[in-house]
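A.B. asks: okay, sequence plus prediction incoming.
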Amino acid sequence: MKNSRRESFKTIGMGLAGLFGMGTLSAMNRNNSSQKEVTGAIVTDQEIPMFSGSVKHGNTLYVSGKGAQFEGDIKTHTEHVLKELEKELTENGSSMEKVLKVNVYLADIADFKGMNEVYRGRFGKNPPVRTTVAVYGGVPGISLVEMDCIAALD
């Protein structure tokens, strides 16, 4: 009796999961069985891995935040950060045109306009979705801006 009841609940659960798209997600995960591949440098703290510079998973590339650790203004820092993102994308078989999502972290929201002046047009005619926030307490180090992104791979 217990097994019959358990099987009934399992069947109902699977039906509900299918109804709400869980079956599709599960099928996608089965079809994309690739493992994540660390492609950028692994940053450590006292020899303990902290984060990877970039990671490939399936047909997607995830690039860690890039900053500008030198003196300069928002435009100089934004230019440097965008070049670093482009370099990481190119080294991993992607490009600025294939970026799907960008997160922009500003040390000061007053730099929004200056950052946008340099950012504008850098991702082609179909720019990625973007989130821009001013970070309470500032961006790590002396960078005025930090950006990370997610990009498609072919």
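C.D. replies: Cool, the structure landed.

A.B. asks: any idea which element residue 89 lies in?
C.D. replies: helix 74-91 (DSSP states H and E).

A.B. asks: how does this structure divide into domains?
C.D. replies: The chain breaks down into these domains under automatic domain parsing: 2-31, 37-152.

A.B. asks: my guess is residue 69 contacts residue 142. True?
C.D. replies: Yes - the criterion here is C-beta atoms under 8 Å, and residue 69 meets it with residue 142 at 6.0 Å. For glycine as for every other residue, the C-beta is placed from the backbone atoms N, C-alpha and C.

A.B. asks: which one's more surrounded, those two?
C.D. replies: residue 142 (14 against 10; other C-beta atoms under 10 Å).

A.B. asks: in CSV: the domains of the chain, plus mean pLDDT.
C.D. replies: Converted to CSV, the domains of the chain look like this (pLDDT from 0 to 100):
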stretch, mean pLDDT
domain 2-31, 45
domain 37-152, 95
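
A.B. asks: tell me which of those domains is the most buried.
C.D. replies: domain 37-152 (a mean of 16; mean count of other C-beta atoms under 10 Å).

A.B. asks: distance from the chain centre to it, please.
C.D. replies: Centroid separation between domain 37-152 and its chain, computed with C-alpha atoms, centre = their mean, to the nearest Å, is 9 Å.
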